[in-house]
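Q: Build me a model from this:
(2 chains)
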Amino acid sequence: MSKQNELNNEALEAQVEATETAAEAEEAVTRDNKDIAATLAKQNPKRAQEIAKERLAQMTPEQIAALRAAKAAKAEAAKAAQLAADEEAERLRQEEIQKKQLSDEQKARIVEQLSQLTPEQLEAVKKNRAAKQERDRRLAEIEARKEAKKAGVKAPVAAAPKAKKKRKRSISYESKQAFTGFMFVLPWFIGFLLFFAVPCFQSLRFSFSKVSVFEGYACTWAGIDNYKELLAGSASFLQALTKTLTDLAVNVPVILIFSLFVAVLLNRKFVGRGLVRGIFFLPVIVTTGVVMTTFNSTSDASAVLEGEVSNGVLFEVADATEFLTSLGLNAKLTEYMTLVADRIFNVVWDSGIQILLFLAALQGISPSLYEASDVEGATAWETFWLITFPNVTPIILVNIVYTIVDTFGDTDNAVMKEINKMINSTFNFGGAAAASWTFFLVVLIIIAVIFGIFQLLGERKGGIK
Amino acid sequence: MQLFKAFKHQFGKNRKSADKRMWGYLFAKFVGGLAIALILIGLSYIILYPLIFSISQAIRTQNDMYDTTIIYIPKHFTLDNFKSAWQVLDFPTALKNTFNISFWPTILQVCSCALAGYGFARFKFRGKNILFFLVLLTIIVPPSTIMVPLYTNFRQFDPLYIATAMNAFGWISEPYLELTDSLWCFVLPALFSAGLKSGLFVFVYRQFFSGFPKELEEAAYIDGCGAMKTFLRILVPNAAPAFVTVFLFCIVWYWNDYYTVPMFIPNMDTLPSVLSGMHSNMTGYGGAYQGADAISLYPILRAGIVLYISPLLIAYLFLQKKFTESIARTGIVG
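A: Residues are numbered from 1 along each chain as shown, chains lettered A, B, ... in the order given. Alright, predicted model coming up:
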């Protein structure tokens, strides 16, 4: 929309310029300054011609003759360089300025001269002056606008004369848009302050104080006691944090690879694709701690109670571990693999949104790229690494961050459970707040590191190019 | 057949070797397809496993639970488990409560987040980037951080001393408003786009509106529409994918929320809360199944899970296509 604004400004400026030229032409004519009149007339011929015609009708034969001479001069002036014309215009302006600073004596002389003029000429001079004032006003307004544009603040409201009623808008377009934009964001901002910023601040205060809750709450400053207690006192929080971080370290790569793999599969054309897609996005809808915990707890319990009743054999991996270690594989690697196998259920259930995002990215890749690679004789492997993978790289970052945030925000992870325990059973609100903030700091650092890594990778890629 | 023709065309000069290559290609394709089909079927099974297993156990009699020859298909069908689960869960009440707590905040959040997202996408104003950084911050901060202060705030809600002022005028009896135990503590944040995961939704809307062609809006402005009118007349009718995505995710997350609801409205029985407490309710003191054998209760628990999932599942069956399409068109990815 700034285009329209620019156009507006341009039109206004052109108008002002026209008025300016015309006014100067008039002035020149009245003062018989033929050369300048010609130059100015050149700049805006139509308006000048109109003015000249009007003037001609009012003038005596001698004056007409003088004008004819001026016309001849006009032809000469047309050949003059633009620079010269500018200089002359500048001189004219300076003359005008000088004229404004005339002494009383000179003023008296001008009054004398004025008294000698014919009524028509007087009228012309008056008209001229009015036009000049109008021009100055407009120029000032434009200047003000430009300043406002630079500063990005409300333009000073210029006093519009009664004669020009059609120009009501006196606030600049940009500041108006900025105001509208802020109004759009304002509800969110209020909500942010009320339901996020204030609680955040209070929580931060809690974390540094001893909180006792009784009809409201009372805080007594305790320094970093809560944090000390949390990190050095009891091991449970650190254990929970380590567990959550380990989970994350295992889950993020597995979820990423798995979801990309599934997305590539689901992007192919095959019979029953709609059905399979529906099944794979089902966890997004049904995924809920409640169902999963209820299901898991009951099936675990039943597995213990009566092995055959529950279908516990499905995810039995203990045998696989023994088998792999007996083959002489690295113990750590085996551990990781069995860890992954143990989690396959959770991984599949947790990667619904990641699959969706990858699939959306895959569908955004132009088919002509694949056609071209097909024509060049690329194998499916090459096509994947040279076309598919580079095109979904941006989404990898999104997915990593989403997975991390999702895992950390999940109310079922170990740290959250620990914090909830502090809130619900021991009423240690200060400790809970301290735990939350420590946890948040860890999350923030991890996300910052990942962003940093991607930034570095991006730079290196750019460097190679 | 088309494939055959294509190959004939490609290797037409040497028919014999062409045939060989073609059959090799087809074989490779067949094996690959088979492998993919197996993988997909296996993964689908893993995803559906809890569902299938729950349904299978929910429709069998208690005696069938002890029969080791039964894995999936029960010998004696019964729907009594659903009846019992219906009663234990107090399903109609819980469903109504869950609907109230998820639908109204969702509607408000869909609208308020759209406004904020549009503001961030289209307008330039001072501090916009800082504000948007704050939006991202609300996504990252774990909910437990602000839960306790938020609770105390709702307990004695008094923004800008408005309630105190109202009390001074004698309009309300206390110098604060008590919002806990009422829908207000979900509706109010949603109204100001500060509800459940609202930062994410603002982000989604911003991405969508940024990708929206600017020319349409410019045309509307030139025709004399104000910003709000332009938004309602031009943007909203064309933003169906974003609205559908946000609506679905929002309602699902509210529906499944069992962390904030029991905290803010402890007296309200929603589906997640009654389901998580189902087992202890049944076997605990005063429960209908006090002292019953744990295994004999599994069919009822499974029936509870099926009942819980069914509203979402039915909605998903109808909306599945829209759901998967809309997220692709939201522009989160692009």
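Q: What is the burial count for the nearest residue to B:S182 once chain neighbours are set aside?
A: Ranked by CB to CB, 6 or more residues apart in numbering or on different chains and with sequence neighbours excluded, the top spatial neighbour of B:S182 is B:I265, at 7.1 Å. To be clear about C-beta, it is placed using only N, CA and C from the backbone, and glycine gets the same treatment. By other CB atoms under 10 Å in any protein chain shown, 22 other residues sit near B:I265.
Q: Where in the chain is the helix or strand with the lowest mean pLDDT?
A: Just going to use chain A. helix A:289-305 (a mean of 55; mean pLDDT, DSSP states H and E).
Q: that's the wrong chain, I meant chain B
A: helix B:2-10 (a mean of 57).
Q: immediately after that helix, which helix or strand?
A: Sequence-wise, the next helix or strand downstream of helix B:2-10 (DSSP states H and E) is helix B:15-58.
Q: And that following helix, what does it pack against?
A: helix A:236-267, helix A:273-286, helix A:289-305, helix A:331-350, helix B:2-10, helix B:80-89, helix B:294-329 (3 or more CB pairs under 8 Å, 6 or more residues apart in numbering or on different chains; DSSP states H and E).
Q: what sits up against the second one?
A: To tie it back to what came earlier, the one meant is helix A:273-286. The contact list for helix A:273-286, computed with CB atoms under 8 Å, 6 or more residues apart in numbering or on different chains, reads A:262, A:266, A:348-353, A:355-356, B:40, B:43-44, B:47-48, B:51, B:248, B:252, B:309, B:312-313, B:315-316, B:320-321, B:323-324.
Q: domain assignment for the chain?
A: With no chain named, the answer covers chain A. Residue ranges for the domains of chain A, per automatic domain parsing: A:2-155, A:177-207, A:210-464.
Q: looking at chain B here, not the other one
A: B:2-58, B:95-276.
Q: List the buried residues for the helix or strand containing B:F133?
A: Following DSSP H and E, one finds B:F133 within helix B:128-140. Within helix B:128-140, the residues scored as buried using 16 or more other CB atoms under 10 Å in any protein chain shown are B:128, B:131-132, B:134-135, B:137-140.
Q: what's the answer for stretch A:448-459, then?
A: Those would be A:F454, for stretch A:448-459 by 16+ other CB under 10 Å.
Q: Could you do stretch A:246-254 as well?
A: A:247-248, A:250-252, A:254.
Q: what's the closest non-adjacent residue to the closest residue to chain A within the stretch 101-250 of chain B?
A: Proximity of the stretch 101-250 of chain B to chain A (CB to the nearest CB) peaks at B:F123, 2.2 Å away. Residue nearest to B:F123 in three dimensions, not counting chain neighbours: A:G181, with 2.2 Å by CB to CB, 6+ apart.
Q: One more: A:S259?
A: That would be A:Q354: by CB to CB, 6+ apart, it lies 3.7 Å from A:S259.
Q: Thought A:T403 was touching that neighbour, still the case?
A: Yes: counting by CB atoms under 8 Å, A:T403 is a contact partner of A:Q354 at 6.6 Å.
Q: Need the residues touching each of these two.
A: A:255-256.
Q: the more surrounded of the two?
A: A:Q354 (26 against 22).
Q: any idea how far B:V31 is from the more buried one?
A: For A:Q354, the distance to B:V31 (CB to CB, to the nearest Å) stands at 28 Å.
Q: Could you do B:V274 as well?
A: 50 Å.
Q: Would you mind telling me which of the two has more residues around it?
A: It is B:V274, of B:V274 and B:V31, that has more neighbours when counted by other CB under 10 Å, with 22 against 10.
Q: Is that one within a helix or a strand, and which one?
A: helix B:271-276.
Q: Counting by contacts, list what that helix packs against.
A: Going by 3+ CB pairs under 8 Å, 6+ apart, helix B:271-276 lies up against helix A:289-305, helix B:80-89, helix B:91-122, helix B:240-256, helix B:260-264, helix B:294-329.
Q: out of those helices, which comes closest to A:R93?
A: helix B:91-122 (43.3 Å; CB to CB).
Q: same question for the helix holding B:F133, mean pLDDT?
A: Taken as a whole, helix B:128-140 has a mean pLDDT of 90.
Q: what's around A:L231, how many residues?
A: So A:L231, with other CB under 10 Å, has 16 neighbours.
Q: An error on my part: the question was meant for A:Q239.
A: 13.
Q: residues touching it, list them.
A: A:A414.
Q: distance of it from chain B?
A: A:Q239 sits 17 Å away from chain B, going by CB to the nearest CB, to the nearest Å.
Q: Need the nearest residue in space to the residue nearest the centre of chain B, chain neighbours excluded.
A: The geometric centre of chain B, computed from its C-alpha atoms, lies nearest to B:V252 (CA atoms, centre = their mean), at 2.3 Å. Of all residues not flanking B:V252 in the chain, A:I285 sits nearest, at 5.6 Å (CB to CB, 6+ apart).
Q: what number of residues lie near the one you found?
A: A:I285: 23 neighbours (other CB under 10 Å).
Q: Same question for B:T152.
A: 18.
Q: Can you tell me how far it is from B:L179?
A: For B:T152 relative to B:L179 (CB to CB), the value is 11 Å.
Q: Give me the phi and psi for B:L177.
A: Torsion angles at B:L177 (phi, psi; degrees, to the nearest 10) stand at phi -110, psi 140.
Q: Now do the same contact list for it.
A: Here B:L177 is in contact with B:156-158, B:163 (CB under 8 Å, 6+ apart).
Q: coming back round to it: for B:D80, find the nearest of the domains of chain B.
A: That would be domain B:2-58 among these, by CB to CB, at 10.2 Å.
Q: burial measure for the residue in chain A positioned nearest to chain B, as a count.
A: Closest approach between chain A and chain B, counting by CB to the nearest CB: A:G181, at 2.2 Å. Burial measure for A:G181: 21 neighbouring residues, criterion other CB under 10 Å.
Q: element containing it, please.
A: helix A:173-192.
Q: Dump the C-alpha coordinates for the helix or strand just after that helix into PDB.
A: Counting by DSSP H and E, the element after helix A:173-192 in chain order, helix or strand, is helix A:198-207. Extracted as PDB, the C-alpha positions of helix A:198-207 are listed here (Å, rounded to 0.1, in the frame of the first residue of the first chain):
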ATOM      1  CA  VAL A 198       2.900 -11.200  35.000                       C
ATOM      2  CA  PRO A 199       2.800 -14.900  36.000                       C
ATOM      3  CA  CYS A 200       6.300 -15.300  34.600                       C
ATOM      4  CA  PHE A 201       7.500 -12.500  36.800                       C
ATOM      5  CA  GLN A 202       5.800 -13.800  39.800                       C
ATOM      6  CA  SER A 203       7.200 -17.300  39.100                       C
ATOM      7  CA  LEU A 204      10.600 -15.800  38.900                       C
ATOM      8  CA  ARG A 205      10.000 -14.100  42.300                       C
ATOM      9  CA  PHE A 206       8.800 -17.400  43.700                       C
ATOM     10  CA  SER A 207      11.900 -19.100  42.600                       C
END
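Q: Direction included, what does the next helix or strand after helix A:198-207 pair up with?
A: Next along the chain after helix A:198-207, taking DSSP H and E as the criterion, comes strand A:209-213. Strand pairing for strand A:209-213, determined by DSSP bridges: strand A:217-221 (antiparallel).
Q: The partner strand to helix A:198-207, inter-axis angle?
A: Relative orientation of strand A:217-221 versus helix A:198-207 (axes from the mean of the first three to the mean of the last three CA atoms, to 10 degrees): 50 degrees.
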